[in-house]
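Colleague: give me a model of this one.
(one chain, ligands or ions: 1)
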Amino acid sequence: MTETLALDPQRIRELFDLRGEHFVTRGGAFDEDPYPAFHRLRETGPVHEGIVGPLVGYHGEAFFQGLPYPDRPHFSVFDYATCQEVLRDPETFSSVPPPDSPEAAMAKSVMLYMDGEQHRRYRALVQSSFVPKRGRWWIDRWIQGTVDALLDAIEPNGRADLNVDYFAAIPLLTICGSFGVSVADALRIREAAVSDGQGLGVFSEIVMPIVEARRREPQDDLISVLVQAQITDEETGERHALADADVLGFSFLLLTAGSGTTWKQLGITTYALLTHPHWLAAVRSDRSLLRGAVEESLRWMPTDPMFARHVKRDATLHGVRIPEGSVIHLCFAAANRDPARWERPDEFDPTRPPSTHLGFGGGPHICLGMHVARAEIQTAISALLDRLPNLRLDPDAEPPRITGMYERGPTSIPVVWG
Ligand code: HEM
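Modeller: Prediction:
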């Protein structure tokens, strides 16, 4: 893992800047607290015509799943029960984008944009690498080594911006490591993604030779799982290996879904602990509380505050008529603070009794990588607490702020220790 030590903090800062150009289209300029508006919209709805951003007063750029679709009616849902009702009825509220839309091309190979049997078959191809008991495989092979090497680099300094110096690289190197991609190439992929908003060209250039090598000689990694997977053809019923384009599409989805999200949720969880020092002290002395703290951060402030569905037939939700062809946005962040489900919903309390939240979504598309994300966040924060004594926010630095409308996370997490 000596490669990891060579990470250049300035380069990482440029590649992971929530206020940078890449995030503008994700509502990066939004830096207010949306939760008071979420409460108001739930109380006066919970289903409203319109899009979450403008409904809370944010009118900047919006490019996210289900957006922009300027020619379609949009609706947004702000309570827990109605979000679950929509998630559990994929025949009415579908993940498949309309055929004339820019997202439609992805519906052929990207499971996020599939429904029903096709979705189930694609998801089943990799599910076994993402079950809870595979957590150790991820930790031992990729997470722990990255975490230790990054801490080796920052420990002597006595201060760091954890958001950049520690959290940013952990999910990127975990998922790229599981593809057999080197640290240097993982950073090239990130660079391409930040510069053109996608980075698929560079990704393909780097991953295709690995796909070819694993077809010849499989190893204990994810690309090998994908090239060995057999999918049943919907029309002929015959089983065949995934085409190269499908392997690429699949692995690209894992990279895009799994790196930025976990980075930002790592930051949110640590922000929550540092700004609630009694919980930080409790977790430090009783590490079994960490699991609850991670779950609570996903409820209290999920990095993905909303996802959308496409309405395939006329429906009515809470008395609001939703015509076929509409886009419906499920505001998971608002649903996660629904007082009908949680007492003191605005409070960060890692000792709440476990209950299902929507930080990883719900229904058939519930986050495939959630156990990997949990393993990364728990391993990274536990190592922080083991190695950096008396960890606290840097009193001389600007305090961290959570920003973003469609993807949320802290701007920076300046800390000192010792
Ligand atoms: C804290 C980190 C993460 C958060 C908050 C998160 C959140 C989500 C959410 C809300 C969805 C549901 C989308 C929908 O309903 O349309 C989702 C789906 C997905 N996530 Fe995650 N995710 C995280 C980490 C990961 C990781 C680490 C991976 C992979 C290594 C991953 C892979 C996926 C995939 C493949 C899907 C699509 C699943 C499907 O369509 O069946 N995610 N994620």
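
Colleague: which parts of this structure sit against the ligand?
Modeller: Taking C-beta under 6 Å from any ligand atom as the criterion, the chain approaches the ligand at residues 95, 111-112, 123, 175, 253-254, 257-258, 261-262, 265, 302-304, 307, 359-361, 365, 367-369, 372-373. (Each C-beta comes from the backbone N, C-alpha and C, glycine too.)

Colleague: quick one: the strands in the stretch 51-200 of the chain, in order.
Modeller: Using DSSP state E, counting those that start in this stretch, the strands of the stretch 51-200 of the chain run over residues 74-77, 93-94, 159-161.

Colleague: tabulate those strands (a markdown table), appending mean pLDDT and mean neighbour count.
Modeller: Formatted as a markdown table, the strands of the stretch 51-200 of the chain follow (pLDDT from 0 to 100; neighbours: other C-beta atoms under 10 Å):
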| stretch | mean pLDDT | mean neighbour count |
| --- | --- | --- |
| strand 74-77 | 98 | 26 |
| strand 93-94 | 98 | 22 |
| strand 159-161 | 94 | 20 |
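
Colleague: distance to R287 added to these, as TSV?
Modeller: Formatted as TSV, the strands of the stretch 51-200 of the chain follow (distance: least, C-beta to C-beta, whole Å):
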stretch	distance to R287
strand 74-77	37
strand 93-94	40
strand 159-161	22
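
Colleague: nearest to V327, out of these?
Modeller: Among these, strand 74-77 comes nearest to V327, with 5.1 Å by C-beta to C-beta.

Colleague: closest to the centroid, which residue in the chain?
Modeller: Nearest to the mean C-alpha position of the chain, by C-alpha atoms, centre = their mean, lies T261 at 2.7 Å.

Colleague: how about that one: what's its closest non-neighbour residue?
Modeller: Distances taken as C-beta to C-beta, 6 or more residues apart in numbering place T303 nearest to T261, at 5.5 Å, with adjacent residues excluded.

Colleague: what is the neighbour count of the one you found?
Modeller: Residues lying near T303 (other C-beta atoms under 10 Å) number 25.

Colleague: list phi and psi for it.
Modeller: phi -70, psi -30 (degrees, to the nearest 10).

Colleague: tell me which residues of stretch 315-332 are tucked away?
Modeller: In terms of neighbour count (16 or more other C-beta atoms under 10 Å), stretch 315-332 has its buried residues at A315, L317, I322, S326, V327, I328, H329, L330, C331, F332.

Colleague: in contact with the residue of the stretch 151-300 of the chain found nearest the ligand, which residues?
Modeller: Per C-beta to the nearest ligand atom, G258 is where the stretch 151-300 of the chain lies closest to the ligand, at 3.0 Å. The contact partners of G258, taken as C-beta atoms under 8 Å, 6 or more residues apart in numbering, are P171, T174, I175, G369, V372, A373.
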